[in-house]
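[1] Build the 3D model from these lines:
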Amino acid sequence: MLLTTDGKLRFYAEDGAELGAVDVMDSWEESTVWQDPRPALWVDGHTAYVTDPASKKLHIISLAPIAQGEAEVFESVDLPEIPNEINGISRTATTKISAEVEH
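    The predicted model follows:
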């Protein structure tokens, strides 16, 4: 998956062939100042989340139909501030976590 400056989220096969793309936002330019907000992508299973600083939105994209060469933005959420980064914890993670506490 690749979020490109033309505002598209593009999908690729393992051999590099493009499977499809979905329009997510307006085109944007990469700033030369690394601290400036820019669109960011985070993926969890069959859902992609893309921040859009220009519109102060979080776009949520369903990836389930990629096999048919399609995907769709199924929700866009207004944010109270300009987003600068995104991260998360996968709800599909299967790693067991344990901790030992010394007394």
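[2] now residue 75: how far from residue 56?
    According to Cβ to Cβ, to the nearest Å, residue 75 stands 15 Å off from residue 56. Quick note: C-beta positions are derived from backbone N, CA and C, even for glycine.
[3] Between the two, which is the more surrounded one?
    Shown here are residue 75 and residue 56; by other Cβ atoms under 10 Å, residue 56 has more neighbours (15 against 12).
[4] Show the contacting residues for that one.
    Listed by Cβ atoms under 8 Å, 6 or more residues apart in numbering, the contact set of residue 56 reads 78-83.
[5] and if we set it to 7 Å?
    Applying Cβ atoms under 7 Å, 6 or more residues apart in numbering to residue 56 gives the contacts 78-79, 82.
[6] got a pLDDT number for it?
    Per-residue pLDDT puts residue 56 at 97.
[7] separation between it and residue 16?
    To residue 16, residue 56 is 34 Å away according to Cβ to Cβ.
[8] Return the set of buried residues in stretch 26-46.
    By 16 or more other Cβ atoms under 10 Å, the buried positions in stretch 26-46 come out as 28, 37-41.
[9] Return the subset of these lying in strands.
    With DSSP state E as the criterion, strands contain 40-41 from among the buried residues of stretch 26-46.
[10] From the buried residues of stretch 26-46, pick the one nearest residue 60.
    Distance to residue 60 across the buried residues of stretch 26-46 (Cβ to Cβ) is lowest for residue 41, with 11.7 Å.
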